[in-house]
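[1] Only the shape, not the letters, is given here:
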């Protein structure tokens, strides 16, 4: 009964999405307030029904209702409760339902936080979001109903894929989807602006916090996914340039470009049509990501189930979204020309360079991800594009981005002279070159890439503190705490995120060069050495888990006679699917991780053990945390709230009317 | 300087940057493509020597052998028509098994052994890497035409 209610709620949500898509749009074009006002309750009602439907599916998982096919395929009575709940988004149907839920959540957030928006504009934004929702709910209902019954019901479920039975699964997909789908708001703002022909500084100011918040979620989602892959896949890599990772990285790159381009549009009125194009692009890449992951067209760790019908539906949706928005763009964008002019040496030019490079980087990932699929589809042979390509492309493309990042904050809008700026930048540059050269001599087997990375990172860090000092000097006379408080949180946001890039580069550069690993055969009582650490293998015990049986090893890690940690890597066999799974164990430290994973058991009773020494790897995620914090600071800037408060009375009277 | 020529230089500079970046991407792309070959193609000498490529198929039953160090593994990949011996040093994926699909990446040595640097196996019990499935399918098709 409950699954049927969930299905029915989904149908009602679809009807409300249609209402939300059509009625406010008509209202906006005929300037009828009553019709426009329908958008808000329709969106909120839609959210309630999707949330109810989601709750019904979750209930089916909690109660192990194996008469629902999706539950029977991805859960088991022995699965721990939290993995039963996260099993809801463990596969295709449920993750689409999560997609729809997240979209409805963002839409409701727009209705709540955008009371200051003009009615016509809000109606169009809700209309566009309504159309996106119509597309996805139709997709769910037509091709991927999660409530499909299995008659007769299965006595026991097949269990969730063991790879997904991990705490990472609890937060990674929701964060990532909040990011992906969040770009739909920036997209809706851009389309609404094209429709109304209104695209000024105010428009950019409205879209900025939404775009930044979506970017924050996407950054956090990607970072969590990367950390998860690091400890779960059992060989200590943190980024694989896997097509599914690329699918989330492309919108991130374009979203980062969009954040910077929006800054120019808000402050200077320039780059307007380019900003719109980026907003369309970022959302299209999010949809493309959904297509790549969910259609199963790629060979990757995420390609679980495949169904061409579903792939075609998303592809169709993708073509409609991109086609319609680009047509609209071609029709309306010529009217957007103009905006503030600027000189060669200006902050605008630095940001233009940033945008060009980030867009090319995004396109290069797109090429590397899609080209093998095209060749394969055309029957022209099978190829793969691996990490060497992406590394060869990213280092030269991102280096100038980081260099521009150093100049940008020192440059004035509109025009500046190069001499003084170079004089300000030079000391940190010289110091970082010295640091790079010193690193080249200090570190054994160092690669040129690591030297470059360390020099760049040193420059970012030094330059960050220099910027902070310059900012504090601006208000000479005030007390130091007043000066600190006087800095707007948007500036802190930029500072933190840029500083985070520096920390991130340090992690990437050092782990790439100093990383050590050893695969070794070990027997009880034997030991191995790696990077000055001694690993004593104390044997393996059988330990049963809730839905698996584990062989759990014990290794004592010590250094120079000092005990460091006792690690317990496991080899698990999940009972329901008979699937083996490696569970690594690691000792995390601020300057290094020691990582152990258990390989195969050999006939003579010994085990293959993989030992890894990963210097500075946590700095990668520390950098991401700083970027996320930066985004949060940027989005919470007072001027966005002031804007909302100032127009609140007007919004209230409109509501009363 | 006139605003118009200023704008021209700015646009020109942007386009030059774009062209340089695209040239970089395309040349890196050309150099780093990894091609896939079936064991039959490798046996026929169609695979490049001295360059990294991938082969795929089934891990031949009874072919897995470990050397004394325990971490060097020898096995054979077959598309049911031809078989290529492979050597690999390192940990194997959890789902690497005899009789199941696998894809390996590496180089062909002069003695005809494929020295693998990476082994990819399927990711769950029902799933076969598309390349491995493709290799077996090709071999079957070729076999069918020979029989006719």
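    Yes, it's here. Since we're looking at a predicted model, the values are computed, not measured. Numbering: from 1, shown residues only, chains lettered A, B, ... in the order given.
[2] Please parse chain B into its domains.
    B:1-33, B:35-147 (automatic domain parsing).
[3] can you list the ones you listed in TSV and add mean neighbour count, distance to chain A and mean pLDDT?
    No exception for glycine: its C-beta is placed from N, CA and C like everyone else's. Formatted as TSV, the domains of chain B follow (neighbours: other C-beta atoms under 10 Å in any protein chain shown; distance: least, C-beta to the nearest C-beta, whole Å; pLDDT from 0 to 100):
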stretch	mean neighbour count	distance to chain A	mean pLDDT
domain B:1-33	13	4	81
domain B:35-147	18	3	82
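[4] Kindly reformat these as CSV containing distance to residue A:127.
    Formatted as CSV, the domains of chain B follow (distance: least, C-beta to C-beta, whole Å):
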stretch, distance to residue A:127
domain B:1-33, 35
domain B:35-147, 41
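[5] between those, which gets nearest to residue A:6?
    The closest of these to residue A:6 is domain B:35-147. By C-beta to C-beta, the value is 26.8 Å.
[6] Can you tell me the SS state at residue 94?
    No chain in the question, so chain A it is. When classified by DSSP: H, G, I helix; E, B strand; the rest coil, residue A:94 comes out as helix.
[7] meant chain B actually
    Strictly by three-state DSSP, residue B:94 counts as coil.
[8] ok so, going back, which one of the domains of chain B lies nearest to residue A:538?
    Nearest of those to residue A:538, taken as C-beta to C-beta: domain B:35-147 at 18.3 Å.
[9] Check which helices and strands the longest helix along chain B sits against.
    Ranked by residue count and defined by DSSP state H, the top helix of chain B is helix B:3-32. Packed against helix B:3-32 by the contact rule (3 or more C-beta pairs under 8 Å, 6 or more residues apart in numbering or on different chains; DSSP states H and E) you find helix A:347-377, helix A:387-407.
[10] weakest of the ones you listed in terms of mean pLDDT?
    Among those, helix A:347-377 carries the lowest mean pLDDT, a mean of 89.
[11] quick revisit: deepest-packed of the helices and strands packed on helix B:3-32, please.
    A comparison of the helices and strands packed on helix B:3-32 by mean neighbour count, using mean count of other C-beta atoms under 10 Å in any protein chain shown, puts helix A:347-377 on top with a mean of 20.
[12] got the angle between that helix and helix A:387-407?
    170 degrees (axes from the mean of the first three to the mean of the last three C-alpha atoms, to 10 degrees).
[13] Give me the neighbour count for the nearest residue to residue A:245 once chain neighbours are set aside.
    Distances taken as C-beta to C-beta, 6 or more residues apart in numbering or on different chains place residue A:239 nearest to residue A:245, at 6.6 Å, with adjacent residues excluded. Counted with other C-beta atoms under 10 Å in any protein chain shown, residues neighbouring residue A:239 total 16.
[14] quick one: pLDDT of the residue of the stretch 51-200 of chain A found nearest chain B?
    Residue nearest to chain B within the stretch 51-200 of chain A: residue A:161 (6.0 Å; C-beta to the nearest C-beta). Confidence at residue A:161, expressed as pLDDT, is 83.
[15] One more: residue A:649?
    For residue A:649, the predicted pLDDT is 40.
[16] ok, now residue A:449?
    pLDDT, residue A:449: 90.
[17] pretty sure it is touching residue A:396, no?
    No: judged on C-beta atoms under 8 Å, residue A:449 makes no contact with residue A:396 at a distance of 10.6 Å.
[18] What helix or strand is residue A:435 located in?
    Assigned by DSSP states H and E, residue A:435 belongs to helix A:418-442.
[19] For the residue of the stretch 51-200 of chain A closest to chain B, grab the count of nearby residues.
    Neighbour count for residue A:161, taken as other C-beta under 10 Å: 21.
[20] Okay, strands next: where are they in chain B?
    Along chain B, the segments classed as strands by DSSP state E run B:33-37, B:53-59, B:65-66, B:72-78, B:83-89, B:101-108, B:114-121.
[21] Could you tell me which strands sit next to the fourth one in the sheet, and their orientation?
    Using DSSP bridges, strand B:72-78 pairs in its sheet with strand B:53-59 (antiparallel), strand B:65-66 (antiparallel), strand B:83-89 (antiparallel).
[22] Looking at the ones you listed, spot the one closest to residue A:200.
    So among those, strand B:53-59 is nearest, using C-beta to C-beta, at 53.0 Å.
[23] what angle separates that closest one from strand B:101-108?
    Using the same axes, to 10 degrees: strand B:53-59 against strand B:101-108 is 140 degrees.
[24] Now for the spatially closest residue to residue A:111 that is not a sequence neighbour, how many residues are close by?
    Closest residue to residue A:111 apart from its sequence neighbours, by C-beta to C-beta, 6+ apart: residue A:40 at 4.7 Å. Counted by other C-beta under 10 Å, the residues lying close to residue A:40 total 22.
[25] try residue A:72
    Close neighbours of residue A:72, defined as other C-beta under 10 Å, add up to 22.
[26] For my notes, confirm it occurs in a helix.
    Yes: assignment of residue A:72 by three-state DSSP places it within a helix.
[27] Pull the contacting residues for residue A:328.
    Going by C-beta atoms under 8 Å, 6 or more residues apart in numbering or on different chains, residue A:328 touches A:191, A:194-195.
[28] quick check, nearest of the residues you listed to residue B:64?
    Nearest to residue B:64 out of these is residue A:191 (C-beta to C-beta; 56.9 Å).
[29] roughly how far apart are that closest one and residue B:62?
    Residue A:191 is 61 Å from residue B:62, where distance means C-beta to C-beta, to the nearest Å.
[30] OK, contacts around the spatially most central residue of chain B?
    For chain B, residue B:54 is the residue whose C-alpha lies nearest the centre (C-alpha atoms, centre = their mean; 2.1 Å). With contact taken as C-beta under 8 Å, 6+ apart, residue B:54 is in contact with A:382, A:384, B:34-37, B:103-105, B:131.
[31] at 7 Å instead, please
    Shown in contact with residue B:54 (C-beta atoms under 7 Å, 6 or more residues apart in numbering or on different chains): A:384, B:34, B:36, B:103-105, B:131.
[32] Can you add distance to residue A:204 and give the helices and strands packed on helix B:3-32 back as a markdown table?
    Converted to a markdown table, these look like this (distance: least, C-beta to C-beta, whole Å):
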| stretch | distance to residue A:204 |
| --- | --- |
| helix A:347-377 | 13 |
| helix A:387-407 | 21 |
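[33] Reformat those as a markdown table; add distance to chain B.
    Shown next, in a markdown table, are the helices and strands packed on helix B:3-32 (distance: least, C-beta to the nearest C-beta, whole Å):
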| stretch | distance to chain B |
| --- | --- |
| helix A:347-377 | 4 |
| helix A:387-407 | 4 |
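[34] Enumerate the positions of the strand or helix carrying residue A:535 that are buried.
    Assigned by DSSP H and E, residue A:535 falls within strand A:533-544. By 16 or more other C-beta atoms under 10 Å in any protein chain shown, the buried positions in strand A:533-544 come out as A:533-537, A:540.
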